[in-house]
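Asker: predicted model, plus sequence, below.
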Amino acid sequence: MSTPHERAATAPVLAGAELLERAVAYTRGSLQLVAGADLAAPTPCRGWDLRALLRHMNDSLAAFTEAAAIGYVDLVPVREDDPGLLLVERLRSRACALVAVWSQHDVDHDRPPSIGVSRSSARPRLRSDLLAAAGALEITAHGWDVARACGADRPVPAALALELLDVVPLLVHDADRPHRFAERVDVPLHSRPSTRLLATLGRDGRPL
């Protein structure tokens, strides 16, 4: 049986920046719902309220942008204490910067190079287009989390959900559960693509 890194090494080259752009567009729509929302509202991420989720998203966007800009991800949280709408505006700005940096990264490389997790990490390096796909997956999932915390049903667009479903086996493994992701949720095979994608990430994405 192949290892996750062996599977990643043989995966087809992905259009990382394009996938990120679509994930960001979806999530920006969810962020519009935060105006007037209760920042203490629970989210599908266990133990996190909406405020904590927004701060985590800010940290993640900063890390994925840094990965393309300087070639490694420094997993040190960015300290942001902006409340509500100010934090949302910062997230929107970070999202635009993320897409811009990764778009240039795709232009600058004919084949995707690998990127380390941190300067001191001994873990294997991850191919950069797969790292971009990982960013798209996380951004999309948290975009859905934000909408659900705001009481809205915003399914992931079908085409985006189907593409992300293809990369989930490369990025989410049994060792990730139940720490990074909850256990899979059982949903009918005929469920919409959004529901099936979210189920692989431990979320119940069935319509409200």
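Answerer: Okay, I see it. Here the structure is a predicted model, which means the values were calculated and not measured.
Asker: quick one: stretch 166-186 to chain centroid distance?
Answerer: 13 Å (Cα atoms, centre = their mean, to the nearest Å).
Asker: cool, stretch 194-203 as well?
Answerer: 13 Å.
Asker: buried residues in it?
Answerer: Buried residues in stretch 194-203, counted by 16 or more other Cβ atoms under 10 Å: 194, 195, 196, 197, 198, 199, 200, 201, 202, 203. Using the backbone N, CA and C atoms, a C-beta is placed for each residue, glycine as well.
Asker: list the contacts for the most centrally placed residue in the chain?
Answerer: For the chain, the residue nearest the mean C-alpha position is residue 138 (1.3 Å; Cα atoms, centre = their mean). For residue 138, the contact set (Cβ atoms under 8 Å, 6 or more residues apart in numbering) comprises residue 60.
Asker: backbone phi and psi for the closest residue to residue 37 other than its chain neighbours, please?
Answerer: Distances taken as Cβ to Cβ, 6 or more residues apart in numbering put residue 150 closest to residue 37, at 4.7 Å, once the chain neighbours are dropped. Dihedral angles phi and psi of residue 150 (degrees, to the nearest 10) take the values phi -90, psi 10.
Asker: report the separation between residue 150 and residue 29.
Answerer: As judged by Cβ to Cβ, to the nearest Å, residue 150 and residue 29 stand 11 Å apart.
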